[in-house]
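Undergrad: only geometry, no sequence info:
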């Protein structure tokens, strides 16, 4: 029939079809599909090796009203510590840790962190008390000017961003701190330009990235324009516009 079960070496079992080996079980129990040496691969993931020169894969077929799962255990029971699960009832991919479902990607591509019904492209939900944080980390080896992380808004994958919120390092020796900057781009072919900055002391600058460098006064709100600067207060006509100066 063109199929053979053979012992190619001591304590080794091979399965052949069409005269070619398809599967091998080594003496140490490692299994290779499409390879006769699964022990050549990473020792942390060589219990089952699927090898080939083209597109290779593993398929798990489940019922339309059921889930397909890969589970990770560290005990001989049903107390799994991690799960990769596909939910066929609503076409969602879920990732579990020992505490339960931690992340879900729904059928629209929305990503939920701690949320199984994400309503936005990224939906982060927490149940703990106090301030819950999402952190961007730039693990730079040496801290210098403008070392930080940014959230970039872009229209296409080929441009350099339409707008950006950047949190970065601000240093001048003693009391080094951070600043928050907001950048926009005027034209499709232009570059991102900083429009507003909140420095490490809490001062805010429009059109300037140094809202405290002009004189001895602390500039809580500094507006700098090359052709003049102004504050424009606009109402719906039923109220007055007021600028208040105090100390």
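TA: Done, it's in. Quick caveat, the model's predicted, so the values are computed rather than measured.
Undergrad: any idea which residue sits dead centre in the chain?
TA: residue 136 (9.1 Å; C-alpha atoms, centre = their mean).
Undergrad: Tally up the residues packed near the closest residue to that one other than its chain neighbours, please.
TA: Distances taken as C-beta to C-beta, 6 or more residues apart in numbering place residue 149 nearest to residue 136, at 3.5 Å, with adjacent residues excluded. From N, CA and C alone the C-beta is placed, and that goes for glycine too. Per other C-beta atoms under 10 Å, the neighbour tally for residue 149 reads 14.
Undergrad: Name the helix or strand for residue 149, please.
TA: strand 148-153 (DSSP states H and E).
Undergrad: Now do the helix or strand just after that strand against strand 148-153, angle only.
TA: Note on strand 148-153: by DSSP H and E, the next helix or strand toward the C-terminus is strand 163-170. With axes from the mean of the first three to the mean of the last three C-alpha atoms, to 10 degrees applied, the angle from strand 163-170 to strand 148-153 works out at 170 degrees.
Undergrad: and strand 163-170, which strands flank it?
TA: strand 148-153 (antiparallel), strand 177-184 (antiparallel) (DSSP bridges).
Undergrad: from the chain's centre, how far out does that strand sit?
TA: In terms of C-alpha atoms, centre = their mean, to the nearest Å, the centre of strand 163-170 is found 18 Å from the chain centre.
Undergrad: quick check: mean pLDDT across that strand?
TA: Mean pLDDT, strand 163-170: 88.
Undergrad: So which bits of it are buried?
TA: 164, 166, 168, 169, 170 (16 or more other C-beta atoms under 10 Å).
Undergrad: Then stretch 124-141?
TA: Buried-residue list, stretch 124-141, by 16+ other C-beta under 10 Å: empty.
Undergrad: Can you tell me what sits against it?
TA: 112, 113, 114, 115, 147, 148, 149, 150, 151, 167 (C-beta atoms under 8 Å, 6 or more residues apart in numbering).
Undergrad: can we see that at 10 Å?
TA: Residues from elsewhere that reach stretch 124-141, judged by C-beta atoms under 10 Å, 6 or more residues apart in numbering: 111-119, 122, 147-151, 166-169.
Undergrad: Ok, stretch 107-115 next?
TA: Contacts for stretch 107-115 (C-beta under 10 Å, 6+ apart): 87, 90-95, 99-106, 117-128, 132, 134.
Undergrad: same thing with stretch 178-191?
TA: With C-beta under 10 Å, 6+ apart, stretch 178-191 has contacts from 146-148, 150, 152-156, 159-171, 192-201, 203-206, 209, 211.
Undergrad: And it, what's buried?
TA: 179, 180, 181, 183, 185.
Undergrad: Looking at the residues you listed, which is nearest residue 78?
TA: The nearest member of the buried residues of stretch 178-191 to residue 78, counting by C-beta to C-beta, is residue 180 at 47.7 Å.
Undergrad: so the closest one bridges to which residues?
TA: Beta-bridge partners, per DSSP bridges, of residue 180: residue 167, residue 198.
Undergrad: picking that back up, can I get the strands paired with strand 163-170 in JSON lines with distance to residue 66 and mean pLDDT?
TA: Shown next, in JSON lines, are the strands paired with strand 163-170 (distance: least, C-beta to C-beta, whole Å; pLDDT from 0 to 100):
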{"stretch": "strand 148-153", "distance to residue 66": "38", "mean pLDDT": "88"}
{"stretch": "strand 177-184", "distance to residue 66": "47", "mean pLDDT": "90"}
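Undergrad: Thanks a lot, see you next time.
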